[in-house]
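**Q** 3D model of this:
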Amino acid sequence: METNLILEGFKFMGLGMGTVFLFLIILIVSMNILSIVVHKFFPEPHQNPDATVTKKQDNKKVIAAITAAITHHREG
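**A** Numbering: from 1, shown residues only. Next up is the predicted model:
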């Protein structure tokens, strides 16, 4: 009984690659379903336009505080 080792290798390679491909397809489908469920039960909150103005003002305060801290560190 003579077996062709190259043919057997291709069979195992096909089996392994098929298994990985099937696992990845199942993973992608389950992640898409999970995304739909999460977005359905936990929607993202809508932001008010006024909130962006206050964020910009807060950012200016933070930048000023960081600049003052760096200046104080360099002096002392």
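**Q** quick one: average pLDDT of the host helix or strand of Ser35?
**A** Assigned by DSSP states H and E, Ser35 falls within helix 5-41. Averaging the model's pLDDT scores along helix 5-41 yields 96.
**Q** Give me the domain ranges for the protein.
**A** Following automatic domain parsing, one finds the domains of the chain at 1-44, 47-76.
**Q** Need those domains in a markdown table (columns: mean neighbour count).
**A** In short, each C-beta sits where N, CA and C put it, glycine included. Supplementary listing: those in a markdown table, determined by neighbours: other CB atoms under 10 Å:
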| stretch | mean neighbour count |
| --- | --- |
| domain 1-44 | 9 |
| domain 47-76 | 9 |
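**Q** quick one on the thing from earlier: so how far is the helix holding Ser35 off the chain centroid?
**A** For helix 5-41, the distance between its averaged C-alpha position and the chain's averaged C-alpha position is 19 Å (CA atoms, centre = their mean, to the nearest Å).
**Q** same question, stretch 31-42
**A** Stretch 31-42 has its C-alpha centroid displaced from the chain centroid by 15 Å (CA atoms, centre = their mean).
**Q** Got the phi and psi for His46?
**A** Listed backbone geometry of His46 is phi -80, psi 140, with angles given as degrees, to the nearest 10.
**Q** measure it to His39 for me?
**A** With distances taken as CB to CB, to the nearest Å, His46 is found 14 Å from His39.
**Q** Please apply the same query to Ala68.
**A** As defined by CB to CB, Ala68 lies at a distance of 42 Å from His39.
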